[in-house]
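Novice: show me how the following folds:
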Amino acid sequence: MAYTVWENLDQVERYALRRYRHWDQRLLNQREQRLVRRLFKRHGLGGQILDAPVGYGRFQQLLNEFGTVKALDFNYYAALYQLQRVALTSEAVTGLAEALPFQDRSFDVIFSFRLMQHMHHSAERTAIYREFKRVSRRWVVLSHYRKTFLHRLQRLLFRPPSRITMQSRAELLAETAQAGLSLIQSVAVLPGVHAHHISLFSTQ
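Specialist: Residues are numbered from 1 along each chain as shown. I've put the predicted structure just below:
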């Protein structure tokens, strides 16, 4: 994948400033924020929330509306950025989603955005789902890419630098079921146009 590993706080800052600056990306961001807020309100989500991976903290302000938020990222500078420049999380640590450094049932909600499409093998996705279930008392909110003709065609024509894994609904349900997660609701960010979906799972 053609992703830069952040090596200092300024690199994180520059990414945060440019990532959603174009009109189409701003629209996508606004839509994603709206859908996440609606999902949290509709199902009464809140309490102790883990944002994993936190990235540059795009959802930190929204998540803080619903509870106390801790942040996790595999990149040290992403975690440090939350503490020093975003300053909305109660704790920010480094770690991997497939080996979360938390005790069982530590959180009410696990929030994981734009991670799973970078996991290209079923075994690694299932391992992450199992960790989410282990540390969550009730809910897991995650985003994933579902196979759509238009999005796959667009990526074939324009050849983006990153590899994205898109799954069918059946594949997603099979993997999450293996981990003990039950799908409650799934919404498309831009139905029929974009492959990105946001789904709510129960651990009970």
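Novice: any weak-confidence spans in this protein?
Specialist: For the chain, the stretches flagged by pLDDT under 70 are 1-3, 148-162.
Novice: at 80 what do you get?
Specialist: Counting by pLDDT under 80, the chain shows low-confidence ranges at 1-4, 147-163, 193.
Novice: tell me which residues of the top strand by length along it come out buried.
Specialist: Longest strand of the chain, by residue count under DSSP state E: strand 136-145. Applying a neighbour-count criterion of 16 or more other Cβ atoms under 10 Å, the buried positions in strand 136-145 are Ser136, Arg138, Trp139, Val140, Val141, Leu142, Ser143, His144, Tyr145. For glycine as for every other residue, the C-beta is placed from the backbone atoms N, C-alpha and C.
Novice: then that strand to CSV, C-alphas only?
Specialist: Extracted C-alpha coordinates of strand 136-145, given in CSV (Å, rounded to 0.1, in the frame of the first residue of the first chain):
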residue,chain,number,x,y,z
SER,A,136,-16.8,-4.5,24.2
ARG,A,137,-19.7,-4.8,26.7
ARG,A,138,-22.4,-4.2,24.0
TRP,A,139,-21.7,-2.5,20.7
VAL,A,140,-19.3,-2.4,17.8
VAL,A,141,-19.6,0.2,15.1
LEU,A,142,-17.3,-0.3,12.1
SER,A,143,-17.0,0.8,8.5
HIS,A,144,-16.2,-1.5,5.6
TYR,A,145,-16.3,-1.5,1.8
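Novice: neighbouring contacts of it?
Specialist: Here strand 136-145 makes contact (Cβ atoms under 8 Å, 6 or more residues apart in numbering) with 32, 36, 39-40, 43, 45, 50, 105-117, 129, 132-133, 151, 164-167, 172, 181, 195-204.
Novice: which helix runs longest in this protein?
Specialist: Counting residues, the longest helix found in the chain (DSSP state H) is helix 23-43.
Novice: how about that one: buried residues?
Specialist: So helix 23-43, judged by 16+ other Cβ under 10 Å, has buried residues Leu28, Arg31, Glu32, Leu35, Val36, Leu39, Phe40, His43.
Novice: tabulate these (TSV), appending distance to Arg21.
Specialist: Shown next, in TSV, are the buried residues of helix 23-43 (distance: Cβ to Cβ, whole Å):
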residue	distance to Arg21
Leu28	12
Arg31	16
Glu32	16
Leu35	21
Val36	20
Leu39	26
Phe40	26
His43	32
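Novice: burial count for Thr126?
Specialist: 18 (other Cβ atoms under 10 Å).
Novice: can I assume it sits in a helix?
Specialist: Yes. The assignment for Thr126 is a helix, going by DSSP: H, G, I helix; E, B strand; the rest coil.
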